[in-house]
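One predicted model, sequence on top.
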Amino acid sequence: KKLSGRNEIDSSIAPELDYFKQMKASFEIKWETHSLRLSGDMAYHDASVNYTINVPDSTAVKASADTYMAWKKTGANQWKVQTFVLYSH
């Protein structure tokens, strides 16, 4: 599903975040950058992410995904994600 704008993204994940808070879940996240290319005020970032979800009294859940991010420079040493694509596997 394509989501556009912070409000739409935030509202789409709010139920999951509430669930994880109730379960007292913690996350271990490791990013690995495969490439990062700069072009003017844009940066293109190809990476993978491995994460573990830890819930008390339960088996840890491990997952991974490939990601693509396009960043836009918004000021001196400031960047904002313009596009974020996550490919779960």
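The structure has been received and is ready for your questions. Note that the coordinates shown come from a computational prediction; the quantities given were computed from them, not determined experimentally. Numbering: from 1, shown residues only.

Which parts of the chain are helices?
For the chain, the helices defined by DSSP state H occupy 6-22.

Show me where it has its strands.
26-39, 42-54, 61-75, 78-88 (DSSP state E).

Give the other helices and strands that the last one contacts.
Counting contacts by 3 or more Cβ pairs under 8 Å, 6 or more residues apart in numbering; DSSP states H and E, the secondary-structure elements packed against strand 78-88 are strand 61-75. For every residue, glycine as well, the C-beta is placed using N, CA and C.

Also the longest one?
Applying 3+ Cβ pairs under 8 Å, 6+ apart, one finds that strand 61-75 makes contact with strand 42-54, strand 78-88.

Quick check: the residue sitting furthest away from the middle of the chain vs K24, distance?
Ranked by distance from the centre of the chain (Cα atoms, centre = their mean), the top residue is D57, with 26.0 Å. Separation of D57 from K24 (Cβ to Cβ, to the nearest Å) stands at 10 Å.

if we can go back for a sec, can you lay out the strands of the chain as TSV showing mean neighbour count, distance to R6 and mean pLDDT?
Putting the strands of the chain into TSV (neighbours: other Cβ atoms under 10 Å; distance: least, Cβ to Cβ, whole Å; pLDDT from 0 to 100) gives the following:
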stretch	mean neighbour count	distance to R6	mean pLDDT
strand 26-39	10	20	94
strand 42-54	15	19	93
strand 61-75	13	14	93
strand 78-88	11	10	88
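
Could you save these as JSON lines and add columns showing distance to F20?
Below are these laid out as JSON lines (distance: least, Cβ to Cβ, whole Å):
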{"stretch": "strand 26-39", "distance to F20": "8"}
{"stretch": "strand 42-54", "distance to F20": "8"}
{"stretch": "strand 61-75", "distance to F20": "11"}
{"stretch": "strand 78-88", "distance to F20": "17"}
